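Asks: prediction below, plus the sequence it came from.
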Amino acid sequence: MASGTVHIVGAGLAGLAAAIDLVGRGREIVMHELAPNAGGRCRSYFEPALGLTIDNGNHLLLSANDAALGFLKTIGSEDKLAGSDEAAFAFADLATGERWVLRPNKGRVPWWIFFKSRRVPGTHVIDYLSVRRLLHSRRDLSIADLMECDGPLYKRLWRPLFLAALNTEPAEASAFLAGAILRETLARGGRACRPLVAPGGLGPTFIDPALCYLARHGATLRFRHQLRRLVRTDETISALDFGEDAVSLAASDAVILAVPAPVAALLLPELPAPKTFRAIVNVHFKRKPPRTLPTITGIVNGTGEWLFAFPERLSATISAADRWIGVPREALAEEVWKDVLKLTSLNETLPPWHIIKERRATFAALPKENLNRPRSQTRWRNLFIAGDWTATELPATIEGAIRSGNEAARLVRIAAQARH
Ligand SMILES: Cc1cc2nc3c(=O)[nH]c(=O)nc-3n(C[C@H](O)[C@H](O)[C@H](O)COP(=O)(O)OP(=O)(O)OC[C@H]3O[C@@H](n4cnc5c(N)ncnc54)[C@H](O)[C@@H]3O)c2cc1C
């Protein structure tokens, strides 16, 4: 029996990861993407206001992100990520002017917390034990249910770390997801915590090489091809309705639905899906970074939480940024530029800037929303779900999106084997 065609709907990282896995094993792939380009929430584009190609958002990876690194290796793009050899995170407290570098040691035994020069100023060894309870949390608890969300260590380490990873105010966020982050990063030692960025852009690092790989392996990509309806029987998806055309599915065909949660909820109302989301705002300034500025600086008591130094620009990230969505852009740019001046000792007026407000950047990593994430397998035997919002056991991240795509591909392969 032939293996059939796999239709992948959505060419974000989840869809691309599934396609790369399957096409590499000889499966016939057709991708359907609503937008004129691939990448979804992880993309680069030319921004005329700056005269530069920028990313829709600053994306930070860690050396713990095994699936993301595996994806890059497969598409031949691993060397496009840059990062230091050791886990080192520069921080600045804009209220006090203090600066420090957090330096977890490489191995699993966290001896770094015994050294003042490696840990957060104003904290004591015993403070670091407070997160242990998150490591094995129940799924219905928030971080505030298990630890005190106050004090120097919380404000200077746990809040910035969890806010970046969960894109949700940590006190209300899922303790289970915070525990997953800790297990995959700090609990594995500094070796797993090296920060990695794509200085050449997300598109040239993740998306363009993935598209080249797919083209080389004969996959078909259809852009501006929006799925409107899944035509289904009790047990299978029988056709994909794209409005102006439709695709009938043969018995051996499969579908991977790799669209964002709100779209999946429209296409399959009975599917559980997170319903609340959080924004991320990125403020880009056309100003070459001063040479002494680290690639990433964590900001405490500022408007944003991270400042990225890219070759041609400075760029700040504000997570869980819903309160900034309604603020006029000019005022926000001025506000963030003040932080940049404090951080860098520059003394300049506002350079050309551009703000990107992603309103639904990620699902809100709340305990109740984490319980609303569906598994990849569905009750329709030829339909599988992928996306950072599915039950990956991780927050909405590149790593989670790629793992979900890999998982959907694995299930498609198992289903094909079962038919043979
Ligand atoms: C501003 C910002 C900053 C971020 N920072 C980080 C970070 O620092 N580190 C990190 O790991 N992660 C970060 N993330 C999260 C990361 O970008 C996402 O987790 C990941 O890109 C999600 O990929 P996905 O494939 O699941 O979804 P998406 O990228 O949303 O892909 C879904 C695709 O489906 C398409 N689609 C929608 N409807 C249809 C339809 N009806 N028919 C066909 N196609 C359709 C969409 O156009 C899209 O291309 C950030 C996200 C944002 C927005």
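Replies: Structure received.
Asks: so who does L371 touch?
Replies: Counting by C-beta atoms under 8 Å, 6 or more residues apart in numbering, L371 makes contact with 139-140. Where you see a C-beta, it was placed from the backbone N, CA and C, and this is true even at glycine.
Asks: the strand ranked longest in the chain: which residues count as buried?
Replies: Criterion DSSP state E: the longest strand present in the chain is strand 353-363. Residues of strand 353-363 classed as buried by neighbour count (16 or more other C-beta atoms under 10 Å): 353-358, 361-363.
Asks: give me the residues contacting that strand.
Replies: Residues from elsewhere that reach strand 353-363, judged by C-beta under 8 Å, 6+ apart: 41, 47, 49-50, 54, 56-57, 167, 260-262, 274, 276-286, 321, 324-325, 329, 332-333, 337, 369, 373, 388-389, 395-396.
Asks: is that strand anywhere near the ligand?
Replies: Yes: remark: strand 353-363 sits within contact range of the ligand at 358, 361-362, by C-beta under 6 Å from any ligand atom.
Asks: filter the contacts of strand 353-363 to the buried ones?
Replies: Among the contacts of strand 353-363, those classed as buried by 16+ other C-beta under 10 Å are 41, 47, 50, 54, 56-57, 167, 260-261, 274, 277-286, 321, 324, 332-333, 337, 369, 373, 388-389, 395-396.
Asks: can you list the strands that the longest strand of the chain pairs with?
Replies: Applying DSSP bridges, strand 353-363 is found paired with strand 277-285 (antiparallel).
Asks: figure out how far the partner strand is from the centre of its chain.
Replies: 13 Å (C-alpha atoms, centre = their mean, to the nearest Å).
Asks: strands paired with the very next helix or strand once past it, and their directions?
Replies: Counting by DSSP states H and E, the next helix or strand C-terminal to strand 277-285 is strand 296-300. Paired neighbours of strand 296-300 in the sheet (DSSP bridges): strand 89-93 (parallel), strand 306-310 (antiparallel).
Asks: take the contacts of strand 353-363 and keep only those in helices.
Replies: Within these, residues falling in helices by DSSP state H are 261-262, 329, 332-333, 337, 369.
Asks: near the ligand at all, the lengthiest helix in the chain?
Replies: Taking DSSP H as the assignment, the helix of the chain that covers the most residues is helix 398-419. Yes: judged by C-beta under 6 Å from any ligand atom, helix 398-419 comes into contact with the ligand at 398-399, 401.
Asks: turn these into CSV, including neighbour count, distance to V255 and pLDDT.
Replies: Listed next are the residues of helix 398-419 next to the ligand as CSV, based on neighbours: other C-beta atoms under 10 Å; distance: C-beta to C-beta, whole Å; pLDDT from 0 to 100:
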residue, neighbour count, distance to V255, pLDDT
I398, 24, 23, 98
E399, 23, 24, 98
A401, 30, 18, 98
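Asks: between those residues, which sits nearest R118?
Replies: Nearest to R118 out of the residues of helix 398-419 next to the ligand is E399 (C-beta to C-beta; 25.5 Å).
Asks: who are the contact partners of the closest residue to the closest one other than its chain neighbours?
Replies: Using C-beta to C-beta, 6 or more residues apart in numbering and skipping residues adjacent in sequence, the residue nearest E399 is N65, 4.2 Å away. Residues in contact with N65 (C-beta under 8 Å, 6+ apart) are 196, 397-399.
Asks: and L314, which of the three is it?
Replies: strand (DSSP: H, G, I helix; E, B strand; the rest coil).
Asks: tell me what it is bridged to.
Replies: Residues in beta-bridge contact with L314 (DSSP bridges): F285, A309.
Asks: I'd like the distance between it and N167.
Replies: 21 Å (C-beta to C-beta, to the nearest Å).
Asks: what do you get for D241?
Replies: 33 Å.
Asks: likewise W353?
Replies: W353 is 22 Å from N167, by C-beta to C-beta.
Asks: wait, which of the ones in helices among the contacts of strand 353-363 is closest to V125?
Replies: E369 (34.4 Å).
Asks: look up the closest residue to that closest one, ignoring the ones flanking it.
Replies: E369 sits nearest to P274 (C-beta to C-beta, 6+ apart), 4.1 Å away.
Asks: so that neighbour makes contact with W389?
Replies: Yes: using C-beta atoms under 8 Å, P274 is in contact with W389, at 5.5 Å.
Asks: can you list residues touching both of those two?
Replies: Residues touching both P274 and W389 by C-beta under 8 Å, 6+ apart: 261, 363, 373.
Asks: mind listing what the closest residue to the second one other than its chain neighbours touches?
Replies: By that I understand F363. Residue nearest to F363 in three dimensions, not counting chain neighbours: P274, with 3.6 Å by C-beta to C-beta, 6+ apart. Residues near P274 by C-beta under 8 Å, 6+ apart: 261, 363-364, 369-370, 372-373, 389.
Asks: what's the closest of those residues to R156?
Replies: Using C-beta to C-beta, the contacts of P274 come closest to R156 at A364, 23.9 Å.
Asks: interface residues of the stretch 251-400 of the chain facing the ligand?
Replies: 258-260, 263, 280, 282, 358, 361-362, 387-388, 396-399.
Asks: from those, pick the one nearest S130.
Replies: T397 (23.8 Å).
Asks: ok, now which ones touch the closest one?
Replies: Going by C-beta under 8 Å, 6+ apart, the list of residues near T397 reads 65, 165, 388.
Asks: now do C42
Replies: 12-13, 55-57, 59, 202, 206-207, 398, 401.
Asks: again, 6 Å this time
Replies: 13, 202, 206 (C-beta atoms under 6 Å, 6 or more residues apart in numbering).
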